[in-house]
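1. Next comes the sequence, and after it the predicted model I'd like to discuss.
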Amino acid sequence: MGARLSSDEFAAASASSKPAGEVPDATSGTPGVFDDVKSLGNSLRGLAHDHVRIITLEARQAGESLVNMIAASVVLAVLVVSAWLILVAAGVIVLVGNGVGMIFAMILAAALNLAVAFVLYRSIRELSQNLGFPATIRSLSSARDTAQTAVAGKERA
């Protein structure tokens, strides 16, 4: 870490410094501008080191969190699929218990699953349009076209 002055050390250094406009004597024990710049450089280097260390630690934490989130998501997906299959099986059993044929109950369950899957597919497809930053691309294309028009206008003039 960089050398930082306490408030007492700063006050002592300020009190002992020469008035503005005077050049400090090279042989005196008073720190000059070079020493102040050197101290500032050390402080900035220490500050930069601290920031890099924080970024490194947070990047490691973010990576570990991402791995844990993916693992939890896989387990969650397996549990949700298991629960869905049990609900579908229970629905088929209820239909068969109410006199509906087994084949028809299973076809009905499959058709309902496919209908839900289709609705979700359409929703995902619609949402995927937002992944390409469409407004940003339009804005950049517009700026590029304006710049090309301006350049072409200057070339004609």
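-> Thanks, I have the structure now. Note that the coordinates shown come from a computational prediction; the quantities given were computed from them, not determined experimentally.

2. same for the helix or strand N68 falls within, what does it pack against?
-> Applying DSSP states H and E as the criterion places N68 in helix 33-97. Applying 3 or more CB pairs under 8 Å, 6 or more residues apart in numbering; DSSP states H and E, one finds that helix 33-97 makes contact with helix 102-128. For glycine as for every other residue, the C-beta is placed from the backbone atoms N, C-alpha and C.

3. Which of the three states applies to the residue sitting furthest away from the middle of the chain?
-> In the chain, the residue that sits farthest from the middle, by CA atoms, centre = their mean, is G99; the gap is 55.2 Å. Following DSSP: H, G, I helix; E, B strand; the rest coil, the label given to G99 is coil.

4. Next up, the contacts around it.
-> By CB atoms under 8 Å, 6 or more residues apart in numbering, no residues touch G99.

5. got a pLDDT number for it?
-> As predicted, G99 sits at a pLDDT of 96.

6. Tell me the spacing between it and A105.
-> 10 Å (CB to CB, to the nearest Å).

7. what's the answer for D36, then?
-> The value you get for D36 to A105, if CB to CB is used, is 86 Å.

8. cool, I54 as well?
-> In terms of CB to CB, I54 sits 60 Å off from A105.

9. Those two: who's more crowded?
-> Taking other CB atoms under 10 Å, I54 and A105 do not tie; A105 has more neighbours (18 against 10).

10. Quick check: nearest residue in space to that one, chain neighbours excluded?
-> The shortest distance from A105 to any non-neighbouring residue, by CB to CB, 6 or more residues apart in numbering, is to L95 (3.9 Å).

11. How about the contacts made by the one you found?
-> If you count contacts by CB under 8 Å, 6+ apart, then L95 has 104-105, 108 around it.

12. Need the per-residue pLDDT for the spatially most central residue of the chain.
-> Centroid check for the chain by CA atoms, centre = their mean gives A62 as the closest residue, at 9.5 Å. Looking at A62, its pLDDT stands at 93.

13. Same check on A147?
-> On the pLDDT scale, A147 gets 76.
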